[in-house]
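Colleague: next one to model:
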Amino acid sequence: MHLSTPLAIAGLVLLAGCNASTPSKAPPSSTNAGPSTSPPSSVTSSSAAQPWVVQKIRTGGQPCATLGAAGSVWVADISGGVVKRLDPATGQTIARVKTDAGPCGMAYGARSIWVENYTASTVTRINVATNASRSIKVG
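Modeller: Residues are numbered from 1 along each chain as shown. As a prediction, this is how the structure comes out:
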């Protein structure tokens, strides 16, 4: 049985916070315990919907947003002015695309990743087939 890429990406949890390695001091609540570090031992209707950590990936810089699209995981690095394209199977960076200052919000459409550049008042369009990019002034 072959799983489609979007389904495989759904199991990936990417740590993208500035303090992602610092554990929370609050105990997990029974209603929102967060992802487990291992898959459920048996699949039930309630455990099938529970996420678990498949892989932790250090992306460097200051990640601001993540997006699963076009067979990759995309990470906007707000401090580095780049979007990193990751292989979801290996976690390796397969491309670094330069953007204008402050990339943060991302969306996928028209075979492109659209990146909102927070401090530059621009949007960068990244072609998912070539990783070529161009900026569009919006303000």
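Colleague: going by C-alpha atoms from here, please, whenever you check contacts or count neighbours.
Modeller: OK.
Colleague: can you pull out the strands in the chain?
Modeller: Using DSSP state E, the strands assigned to the chain run over residues 63-69, 72-77, 82-86, 93-98, 103-109, 112-117, 122-127, 133-137.
Colleague: please name whichever of these is nearest to Q50.
Modeller: Comparison of the strands of the chain against Q50 by CA to CA identifies strand 63-69 as nearest, at 18.5 Å.
Colleague: make TSV from the strands of the chain and add distance to P51, mean pLDDT and mean neighbour count to it.
Modeller: Output for the strands of the chain, formatted as TSV (distance: least, CA to CA, whole Å; pLDDT from 0 to 100; neighbours: other CA atoms under 10 Å):
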stretch	distance to P51	mean pLDDT	mean neighbour count
strand 63-69	16	96	20
strand 72-77	17	97	25
strand 82-86	20	97	24
strand 93-98	23	97	15
strand 103-109	22	97	19
strand 112-117	25	98	23
strand 122-127	29	98	21
strand 133-137	33	97	14
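Colleague: with distance to Q50 added, can I get those strands in TSV?
Modeller: TSV is the format used below for these (distance: least, CA to CA, whole Å):
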stretch	distance to Q50
strand 63-69	19
strand 72-77	21
strand 82-86	24
strand 93-98	27
strand 103-109	25
strand 112-117	28
strand 122-127	32
strand 133-137	36
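Colleague: tell me if I'm right that R111 and N127 touch.
Modeller: Yes - applying CA atoms under 8 Å, one finds R111 in contact with N127, separated by 6.5 Å.
Colleague: so who does the nearest residue to Q92 once chain neighbours are set aside touch?
Modeller: Counting by CA to CA, 6 or more residues apart in numbering, Q92 lies nearest to L86, which is 5.5 Å off, once chain neighbours are set aside. Counting by CA atoms under 8 Å, 6 or more residues apart in numbering, L86 makes contact with S72, V73, W74, V75, Q92, T93, I94, A95.
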